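Novice: below: sequence and its predicted model.
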Amino acid sequence: EAQVTQNPRYLITVTGKKLTVTCSQNMNHEYMSWYRQDPGLGLRQIYYSMNVEVTDKGDVPEGYKVSRKEKRNFPLILESPSPNQTSLYFCASRGSGGNTGELFFGEGSRLTVL
Amino acid sequence: QKEVEQDPGPLSVPEGAIVSLNCTYSNSAFQYFMWYRQYSRKGPELLMYTYSSGNKEDGRFTAQVDKSSKYISLFIRDSQPSDSATYLCAIWGAGSYQLTFGKGTKLSVIP
């Protein structure tokens, strides 16, 4: 089954404790992206990657890091989480063919930083 | 002015009603228009996609684009409780991988 898998789905952590949210896709997609979703603010892009070893900042990259060492994986790293990073995070991927612009999203990771 | 504006609602309608969801956008370079549906505790999923001005139907759903007014709409006929979700418009321009999302409209269809 074609899917984007994120882990963990739920996480409560404390300020300053480094964490990684993993993302993996099995559709051989070149493009991957991370979003955060907050009430009243909608989906905001954090980082994206056009292909392996190619990453770029989205609209809200501060406080986050990413890496793309393999095509299928795109982890999101919070080196020193703060309470304002409490949010619902989505990983998404898209293939290079076609013009639909269809992004395939994971199920989401709800992060709470105390 | 934000690139994509969408009324967040919430919108509550009785079962069987016709629902109209709308977005406006500012960048005339946008060429592809999509509607995503997001159920509670799930990721967004593509519902409909259209390229040109005009209407596109898929069952009870109709997507409408008016490029001259920079206005896009999603109509749901004979709405069902299973249509209760957040609907996000999304727009992108040719040659770009970047989708611009509206904030989403939360719809509740009451039995």
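Specialist: That came through fine.

Novice: show me how far stretch B:72-84 is from its chain's centre.
Specialist: Mean-position distance between stretch B:72-84 and its chain equals 10 Å (Cα atoms, centre = their mean, to the nearest Å).

Novice: now do the end-to-end distance for it.
Specialist: End-to-end span of stretch B:72-84 (Cα to Cα, to the nearest Å): 20 Å.

Novice: which parts of it are buried?
Specialist: Under the neighbour-count criterion of 16 or more other Cβ atoms under 10 Å in any protein chain shown, stretch B:72-84 has B:72-76, B:79, B:83-84 buried. Where you see a C-beta, it was placed from the backbone N, CA and C, and this is true even at glycine.

Novice: nearest to chain A among the residues you listed?
Specialist: residue B:72 (13.6 Å; Cβ to the nearest Cβ).

Novice: close to chain A, is the helix or strand hosting the closest one?
Specialist: Assessed by DSSP states H and E, residue B:72 sits inside strand B:71-76. No. Strand B:71-76 stays clear of chain A (Cβ under 8 Å from any Cβ of the partner chain), getting no nearer than 13.6 Å.

Novice: for chain B, see how far away residue A:28 is.
Specialist: Distance of residue A:28 to chain B, computed by Cβ to the nearest Cβ, to the nearest Å: 16 Å.

Novice: for the spatially most central residue of chain A, which non-adjacent residue is closest in space?
Specialist: By Cα atoms, centre = their mean, chain A has its centre lying nearest to residue A:34, at 2.8 Å. In space, and not counting its chain neighbours, residue A:34 is closest to residue A:46: 4.3 Å by Cβ to Cβ, 6 or more residues apart in numbering or on different chains.

Novice: ditto for residue B:58
Specialist: Per Cβ to Cβ, 6+ apart, closest to residue B:58 is residue B:48, 5.8 Å.

Novice: quick one: name whatever helix or strand follows the one helix or strand the one you found maps to.
Specialist: According to DSSP H and E, residue B:48 maps onto strand B:45-50. Of the helices and strands lying after strand B:45-50 in sequence (DSSP H and E), the nearest is strand B:54-58.

Novice: for chain A, what are the nearby residues on chain B?
Specialist: By Cβ under 8 Å from any Cβ, the residues of chain B that approach chain A are B:6, B:8, B:32, B:34, B:41-46, B:49, B:51, B:88, B:90, B:92, B:94, B:97-99, B:101-104.

Novice: list the buried residues of the helix or strand that the residue nearest to residue A:34 is a member of.
Specialist: Using DSSP H and E, residue A:46 sits within strand A:42-51. Buried residues in strand A:42-51, counting neighbours by 16+ other Cβ under 10 Å, are found at A:42-49.

Novice: quick one: strands adjacent to it?
Specialist: strand A:31-38 (antiparallel), strand A:54-57 (antiparallel) (DSSP bridges).

Novice: hey, which of the ones you listed is tucked in deepest?
Specialist: Ranked by mean neighbour count, the strands paired with strand A:42-51 are led by strand A:31-38 with a mean of 23 (mean count of other Cβ atoms under 10 Å in any protein chain shown).

Novice: CA-only coordinates of that one, as CSV, when you get a sec.
Specialist: Below are the C-alpha coordinates for strand A:31-38, written out as CSV (Å, rounded to 0.1, in the frame of the first residue of the first chain):
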residue,chain,number,x,y,z
TYR,A,31,9.8,15.5,-3.3
MET,A,32,9.2,15.5,0.4
SER,A,33,8.1,18.2,2.8
TRP,A,34,7.3,18.9,6.4
TYR,A,35,4.4,21.0,7.5
ARG,A,36,3.0,22.1,10.9
GLN,A,37,-0.6,22.8,11.4
ASP,A,38,-1.9,25.1,14.1
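
Novice: thanks a lot, see you next time.
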